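**Student:** model the following, please.
(one chain, ligands or ions: 1)
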Amino acid sequence: MSSTPTSAVLVVNAGSSSVKYQLVDPVTGEATAKGLIERIGLPRGEVHHTVGGTTYDEVLPIPDHATALRLLTAAFAEHGPDLGEIDLLAVGHRVVHGGADFADPTVVTPEVLITIEQLVPLAPLHNPGNLEGILAAQQAFPDVPQVAVFDTAFHQTMPPAASTYAVPRAWREQYRVRRYGFHGTSHAYVSRRVAELMERPLDQLRAVVLHLGNGASATAVDGGRSVDTSMGLTPLEGLVMGTRGGDLDPGVAGHLARSGGLTIEEVDRALSKESGLLGLTGSADFREVQQRREVGDADAELAFQVVVHRLLHYVGAYAAVLGGLDVLVFTAGVGENDGELRAEVVRRLSFLGTELDEAANVGLARGEGGRISTEDSAVEVWVVPTNEEWEIARQAAEVVEGR
Ligand code: ADP
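**Tutor:** Predicted coordinates:
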């Protein structure tokens, strides 16, 4: 049994139809309870609350986010831990798009809410749900500070050379078209953590972090600061992902409109939901792609090669951007679990000075990180399990305690 923390942050990740939450000790990262409230707005909503290794499930209509947050507090009251006995430092909200307005975690005020609302055009699929979550949490926890932690914030340190797209001035100024980057909470956590594990000062480390999950992005981190990242204005750019294809010629959209009669909505949807591994193989799941490769599926083999090729592009480019490389880090579902992909990438980067420790690479226990390069490897290679909830809790606590 895990002990109840004396102080904690409730981390909330609200989407358009779901709310994920964790009660996290910001110092140790221990999550004493977690849950998922899903199918909000549908006739059969679901609440799943996990504490002490047991999950409590409930099915009932959940018309809106306010109801979801009431059910969240009810689940804590019924199954524990008792929120009344905890010093709840903050509710930490994951917010996807902070634009150029937010470079740091921010205590929510009426002005902050307006700014997040103004950023909806940049993240129409994500920011509205995030906002709903904040408003509902304000009602449910009126006396607790609400802190917004932005997926884009870590990348606000990118120099203009990396964040600027070479497009007309009006696009850049009126429509805020530039590279923002995402997964910032994960990249921040992983780059700090790898420095601790390497016992090297973060401010002297040149790192490339590969966050490879359903969504995937690469970041060049120089001395703890993001200096380039593969996602752009939206999470569509960069690496090959589950259902997003990443980089492509912008001319493709016009070609499909003219030759295929597709609307911009159809193009957007296909690029976001029907491309990537799904477009290449019919499955968005990397594990399944690997299983198909094993039985000689040509589409799956091509998909694997395209994924690797794109990864080489980014690591090579970022080694150049950083002027050298000290450490390459793999994280998230694919990065933490797929030794074969890691091995292929590390072998093909050997010209940079990466030398794979084959035994370490295959010997990692699930959920465990570790170094997968040899003692002699000029560039260290690590697997570091990401923990976005802990990072949100840590950042939220820091903001509240520093006020
Ligand atoms: P999300 O972006 O939704 O948080 P995750 O980080 O959980 O995603 O990553 C999901 C991806 O990780 C899926 O493509 C899944 O197939 C892949 N994955 C999980 N376990 C393995 C494994 N053992 N081998 C290869 N891929 C895996």
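**Student:** nearest to the ligand: which residue in the stretch 251-400 of the chain?
**Tutor:** Across the stretch 251-400 of the chain, the shortest distance to the ligand (Cβ to the nearest ligand atom) belongs to Gly333, at 2.0 Å. C-beta: built from backbone N, CA, C; applies to glycine.
**Student:** excluding chain neighbours, what is closest to that residue?
**Tutor:** Gly213 (4.5 Å; Cβ to Cβ, 6 or more residues apart in numbering).
**Student:** go on, Gly92?
**Tutor:** Ala396 (3.3 Å).
**Student:** ok, the one you found touching Leu89?
**Tutor:** Yes - between Ala396 and Leu89 there is a contact under Cβ atoms under 8 Å: 7.1 Å.
**Student:** the protein: strands as residue ranges?
**Tutor:** For the chain, strands defined by DSSP state E occupy the ranges 7-14, 18-24, 31-38, 45-51, 54-60, 87-95, 106-107, 146-150, 206-212, 216-222, 225-229, 327-331, 370-371, 380-383.
**Student:** who's in contact with the fourth one?
**Tutor:** By Cβ atoms under 8 Å, 6 or more residues apart in numbering, the residues outside strand 45-51 that reach it are 32-39, 55-62, 68, 71-72, 75-76, 79-81.
**Student:** need the overlap of contacts for Ala396 and Leu89.
**Tutor:** In contact with both Ala396 and Leu89: Val9, Pro26, using Cβ under 8 Å, 6+ apart.
**Student:** name the residue in those two with the higher neighbour count.
**Tutor:** Ala396 (28 against 21; other Cβ atoms under 10 Å).
**Student:** tell me the contacts of that one?
**Tutor:** By Cβ under 8 Å, 6+ apart, Ala396 lies in contact with Val9, Val11, Pro26, Leu89, Ala90, Val91, Gly92, Pro105, Val147, Val149.
**Student:** Gly80 and the ligand, how far apart?
**Tutor:** 27 Å (Cβ to the nearest ligand atom, to the nearest Å).
**Student:** also Thr185?
**Tutor:** Distance from Thr185 to the ligand, by Cβ to the nearest ligand atom: 12 Å.
**Student:** now for that residue, how many residues are close by?
**Tutor:** Neighbours of Thr185 using other Cβ under 10 Å come to 27.
**Student:** got the contact list for it?
**Tutor:** Counted by Cβ under 8 Å, 6+ apart, Thr185 has contacts Arg94, Val149, Asp151, Phe154, Glu388, Glu391, Ile392, Gln395.
**Student:** what does Val209 give?
**Tutor:** Shown in contact with Val209 (Cβ under 8 Å, 6+ apart): Ser186, His187, Val190, Ser191, Val194, Ala218, Thr219, Val221, Val329, Thr331.
**Student:** swap in Asp203?
**Tutor:** Gly223, Gly224.
**Student:** can you count the residues close to Gly213?
**Tutor:** With other Cβ under 10 Å as criterion, Gly213 counts 18.
**Student:** got it, and Pro168?
**Tutor:** With other Cβ under 10 Å as criterion, Pro168 counts 11.
**Student:** got the residues of the stretch 201-350 of the chain near the ligand?
**Tutor:** With Cβ under 6 Å from any ligand atom as the criterion, the stretch 201-350 of the chain meets the ligand at residues 213-215, 242, 285-287, 290, 332-334, 337-338.
**Student:** try it again at 5 Å.
**Tutor:** Gly213, Asn214, Gly215, Asp285, Phe286, Arg287, Ala332, Gly333, Val334, Asn337, Asp338 (Cβ under 5 Å from any ligand atom).
**Student:** name the nearest of those residues relative to Gly133.
**Tutor:** Gly215 (19.1 Å; Cβ to Cβ).
**Student:** what is the burial count for the closest one?
**Tutor:** Gly215 has 21 nearby residues by other Cβ under 10 Å.
**Student:** contacts only, for it.
**Tutor:** Here Gly215 is in contact with Phe182, His183, Pro235, Met241, Gly242, Arg244 (criterion: Cβ under 8 Å, 6+ apart).
**Student:** how far away is the fifth one from Ile62?
**Tutor:** In this structure, Gly242 and Ile62 are 27 Å apart, going by Cβ to Cβ, to the nearest Å.
**Student:** so which of those two has more stuff around it?
**Tutor:** Per other Cβ under 10 Å, whichever of Gly242 and Ile62 has more neighbours is Ile62, with 26 against 20.
**Student:** could you list the low-pLDDT ranges of the chain?
**Tutor:** Scanning the chain for pLDDT under 70 picks out the ranges 1-5, 403.
**Student:** farthest residue from the center of it?
**Tutor:** Ser259 (35.3 Å; Cα atoms, centre = their mean).
**Student:** for Leu271, see how far away that residue is.
**Tutor:** 16 Å.
**Student:** can you check Val346 too?
**Tutor:** For Val346, the distance to Leu271 - Cβ to Cβ - is 30 Å.
**Student:** picking that back up, and the gap between the residue of the stretch 251-400 of the chain closest to the ligand and Arg366?
**Tutor:** Taken as Cβ to Cβ, the span from Gly333 to Arg366 is 11 Å.
**Student:** ok, these two, which is more surrounded?
**Tutor:** Of the pair Gly333 and Arg366, Gly333 is the one with more neighbours under other Cβ under 10 Å, namely 18 against 7.
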